[in-house]
Each structure stands twice: as C-alpha cells, then as structure tokens.
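J.: no sequence for this one, just the structure:
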DNA sequence: TGCGGATATGCAGGCGAATCAATGCTGTTG
DNA sequence: CAACAGCATTGATTCGCCTGCATATCCGCA
C-alpha cells in the first residue's frame, strides 16, 4: 500500500456541486465518484450504520464480523476502503482497532448532492 | 433486465437513514447501495451535471456523447442506469429522447445520508 | 413505401472489486 | 518466554461492470 490519503478530509471534494452550476470537470467527477463508490456497497453501508449505532459510537473489527456475516479479512478490507475514503477514522488501543465515523464526512457528501436549494453557493443559481 | 422500476420514486428508499438510529437491514442496505452505485460513476455524474445545466434542464443523447467523449451506445447505457435508478426521466419527442433530472430524487439520497442532525425523523418512520 | 437519422439492445473483451483461506504482525497473558 | 488473540496483508477465485462494435428498432420525411 502507499498513499492512504483520505479522499474527503485532505483532498476535500470537488468543491463544486455536481448539480450546482456548470458541468463538472472530469477530474472532479472521478474524485466524487471515488467517494461515492466507497459508499455504494451494502456491506460498507451496514458497517457505517453499525459503528454509528454502537455504544460509544465506535466499534472494533471483532464486533462487526458477526452481524455482517462476513469473514474478518473481508471486514478489514471494507473498513480500509471506508477509512481511505475519509469516512472512518481508526484508533488502535492495545490489540483492538476501534473505528468511528468522521462526523463531517458524510454530511459533506450530502451537501454536494443537495442541488440548487437555498444553499448560498455564491449565487450559483445557473 | 426486466423490472425497469425506478428504485427511488416507486420503491422509495430504505426509509431509514443509514446513520439514523439502529443498524439498517441487509435489504435496505442493498437498495440504498443500488442507487448509490448508479451515482458512483464519473460518466454518470457528468451526465447528470450536463443535463442539469442544459438550456431547458433537459438534453438528448446526441448532445451528450461529444462532451463525454463516449460512444453513443455507452451514453445510452449510462442514461438507462440512471433512469432505472429513478434519477432521470425520459421523454421521447419525435426521434429524440430527452432526459431530465427527477427533482426530488437526488435530494432524497442527500437526506438519507444526512446523519442525526436535528432532522426530525418522526413521520415517515417505519 | 422506402430512406436516413436518432436511440436502444446484444455481444464480447478487459479491468476492477468482493470474498475467503492462509499467513504475518503485534500486543496481551499465562 | 511461550502461547494466544485481534487485525492486517497477500494470493487466488469469482463476479460484475464499463466500454465499444455491430445490429436492431423507431420515427419523420420524401
């Protein structure tokens, strides 16, 4: 592995809504698609949901394999995808690795998908 | 393909936010993942953006192949995916097929992704 | 009726993703 | 120190998707 860059936190996102004003660029489309692709998986959606609804808002891998019905390596794989996408953060305490949501991450995606509502994007109204 | 059902409009969506309360069910996760998967593609994001920013908010296939740099069958394919996901609606006028956004569709996804903010998920529960 | 343009569909190649088994690594416990 | 438990990584397999080419279908027009 190399670049464990959090596509959301660091690179931020396209910075322009795909439904805001002018057509989006190829590069922006690919970046946003990358984050959405991390979300577009049943197992990963359930992982986010499970972690969010866990006692302290955090969970370790051993707590997640059973409810998902997936093997431990597979769960680790999905958690890795979500973490690299900037949706999860990992904290290792002892033998356990605790994952929790990055609070603003999913909200940022939701904002990007929220069209020309009254969201003042500087008079981005086409 | 059979069922050209609009996963969003007709079947609606999970009805529960993946980040709302209790963990989401497998079926709901798969449904939401299905719609997100339709979004998680650079070409399709650009299609949505192009259509939304078109003169009348609508565009036909012939207007979309050039800016995307994809072949006509491929563009038709993507438009089909988006339409079946409930994100686009198709209207055939003469020889041309005009596509436009389903206004509430993407907003619905954004709402689902918007976490336990102060959003009252009172009604529509269940 | 026949021709041509605009879309949709079938088919196939190629790449990426999801999954699991096996293995390596690290920290805990006896 | 040795054995063990929790996670991550690698390799292999399977599956699905994106794309283009060829072809079929539909509609307006001469």
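T.: That came through, no problem. Worth saying up front: this structure is predicted, and the values here are computed from it rather than measured. Numbering: from 1, shown residues only, chains lettered A, B, ... in the order given.

J.: Could you pull up the residues touching the residue most central in space within chain A?
T.: What sits nearest the mean C-alpha location of chain A, by CA atoms, centre = their mean, is residue A:87, with 3.1 Å. Each residue near residue A:87 by CB atoms under 8 Å, 6 or more residues apart in numbering or on different chains is listed here: A:8, A:35, A:38-39, A:48, A:101-102, A:105-106. Just so you know, the C-beta spots here come from the backbone N, C-alpha and C atoms, and that holds for glycine as well.

J.: Turn those residues into a markdown table, columns for pLDDT, neighbour count and secondary structure.
T.: A markdown table is the format used below for those (pLDDT from 0 to 100; neighbours: other CB atoms under 10 Å in any protein chain shown; DSSP: H, G, I helix; E, B strand; the rest coil):
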| residue | pLDDT | neighbour count | secondary structure |
| --- | --- | --- | --- |
| A:8 | 49 | 22 | coil |
| A:35 | 96 | 25 | helix |
| A:38 | 97 | 24 | helix |
| A:39 | 96 | 24 | helix |
| A:48 | 96 | 26 | helix |
| A:101 | 96 | 19 | strand |
| A:102 | 95 | 18 | coil |
| A:105 | 92 | 23 | helix |
| A:106 | 91 | 24 | helix |
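
J.: Dump these into TSV; add distance to residue B:28 as well.
T.: Below are these laid out as TSV (distance: CB to CB, whole Å):
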residue	distance to residue B:28
A:8	24
A:35	21
A:38	18
A:39	14
A:48	13
A:101	18
A:102	22
A:105	21
A:106	16
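
J.: on that earlier part again, ramachandran angles for the residue nearest to the centre of chain A?
T.: Dihedral pair for residue A:87: phi -90, psi -30, per degrees, to the nearest 10.

J.: which element is residue A:62 on?
T.: Using DSSP states H and E, the secondary-structure element containing residue A:62 is helix A:61-68.

J.: can you list contacts of that helix?
T.: Contacting residues not belonging to helix A:61-68 are listed as A:43, A:46-47, A:50-51, A:54, A:71-72, A:75-76, A:79, A:96-97, A:99, B:23 [CB under 8 Å, 6+ apart].

J.: Of the residues you listed, which fall within the contact range of DNA strand C?
T.: Applying CB under 7 Å from any atom of the strand to these, one finds that A:43, A:71 fall near DNA strand C.

J.: Give me the subset of the contacts of helix A:61-68 that lies in strands.
T.: The strands, defined by DSSP state E, take in A:96-97, A:99 from the contacts of helix A:61-68.

J.: Is chain B within reach of the helix or strand where residue A:31 lies?
T.: Residue A:31 belongs to helix A:26-39 when assigned by DSSP H and E. Yes. For helix A:26-39 and chain B, the contact criterion (CB under 8 Å from any CB of the partner chain) is met by A:26, A:29-30, A:32-33, A:36-37, A:39.

J.: Ok, stretch A:90-99 next?
T.: No. No part of stretch A:90-99 sits near chain B under the criterion CB under 8 Å from any CB; the closest distance found is 14.2 Å.

J.: Spell out which residues of chain A are next to DNA strand C.
T.: Contacts of chain A with DNA strand C, taken as CB under 7 Å from any atom of the strand, map to A:37, A:41, A:43, A:69-71, A:73-74, A:77-78, A:81, A:94-95.

J.: List buried members of those by neighbour count.
T.: Among those, the ones that count as buried by 16 or more other CB atoms under 10 Å in any protein chain shown are A:37, A:41, A:43, A:70, A:78, A:81.
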